[in-house]
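Undergrad: Structure of the sequence below:
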Amino acid sequence: MLEFAILGFLADAPLHGYELRRRVAALTGHVRPIADGTLYPTIKRMERAGLLRRDVQAGQVAAPRHVLTLSPAGQAELLRRLRSPDELFITDENRWFTLLAFLRHLDDPAGQAAVLQRRLDFLTQPASFFWDGDRPLRADDFPDDPFRRGLFRIATATSRTEIAWLRELLTALTR
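TA: Numbers count the residues shown, from 1 in each chain. Below is the predicted model of the structure:
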């Protein structure tokens with residue numbers, strides 16, 4: 001997810017490490033805080049793989065700044081990941097939001113629609129947080145537990161909203 005976010009933000013614009021860290025944290029930090037000990041080794045690994053380029057620019061006050069830019073290989077990798085995201089990027093809400101944040105970079109309505117359709121297919125499958133054997137349990141199965149009922153109520157409202165949005169956008173993209 002971190003590599004995906006780095007590729008996406010650098011597709012938006014070249015950034016120095018601090019600004020990149022700030023943006024990644026704003027998108028994913030509430031779920032997985034981004035430590036320098038995680039971000040900078042990932043950046044170096046991506047540089048060695050040829051996905052990023054580091055350019056030194058004069059600092060405004062003192063030290064020079066290292067600005068990261070997406071390489072052509074990085075752009076190709078981002079597009080590959082957008083076209084064919086791993087299953088977890090479809091099923092895990094936090095990864096899905098990261099994918100969704102950069103799906104506009106896939107400048108192909110049919111490709112975008114294919115990704116959105118995968119998410120819609122996932123959301124419309126029978127699901128539950130709790131099961132009794134093969135039977136998914138619902139909020140009504142917990143009449144004395146307001147917390148589990150609340151969990152179901154929130155999840156149902158969120159899913160219905162997302163499903164409606166996906167169907168609306170899929171209609172627009174496939175016209």
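
Undergrad: quick one: low-confidence ranges for this protein?
TA: 29-33, 36, 59-62 (pLDDT under 70).

Undergrad: and if we set it to 50?
TA: Scanning the chain for pLDDT under 50 picks out no residues.

Undergrad: Could you pick out the longest helix of it?
TA: Counting residues, the longest helix found in the chain (DSSP state H) is helix 146-173.

Undergrad: ranges for the strands of this protein?
TA: In the chain, strands defined by DSSP state E lie at 15-16, 52-57, 65-70, 131-132, 135-136, listed in chain order.

Undergrad: which stretch among these comes nearest residue 105?
TA: Closest to residue 105 of the strands of the chain, according to Cβ to Cβ: strand 65-70, at 10.0 Å. The way it works is simple: take the backbone N, C-alpha and C, and place the C-beta from them, glycine included.

Undergrad: what's in contact with the closest one?
TA: 7, 10-11, 14-17, 20, 43, 51-59, 78 (Cβ atoms under 8 Å, 6 or more residues apart in numbering).

Undergrad: What is the neighbour count of the nearest residue to residue 54 once chain neighbours are set aside?
TA: Spatial nearest neighbour of residue 54, chain neighbours left out: residue 66 (5.2 Å); criterion: Cβ to Cβ, 6 or more residues apart in numbering. Applying other Cβ atoms under 10 Å, we find 13 other residues in the vicinity of residue 66.

Undergrad: what does residue 119 give?
TA: By other Cβ under 10 Å, the residues close to residue 119 number 20.

Undergrad: Quick check: the gap between it and residue 87.
TA: For residue 119, the distance to residue 87 equals 11 Å [Cβ to Cβ, to the nearest Å].

Undergrad: Please enumerate the helices of the protein.
TA: 2-12, 17-28, 36-48, 72-83, 87-91, 93-102, 109-123, 146-173.

Undergrad: Which neighbouring elements make contact with the last one?
TA: In this case it means helix 146-173. Helix 146-173 sits against helix 109-123, with contacts defined as 3 or more Cβ pairs under 8 Å, 6 or more residues apart in numbering; DSSP states H and E.

Undergrad: Not counting the helix it packs on itself, show me its contacts.
TA: 82-83, 85, 90-91, 96, 99, 103, 106, 159, 162-163, 166-167, 169-170, 173-174.
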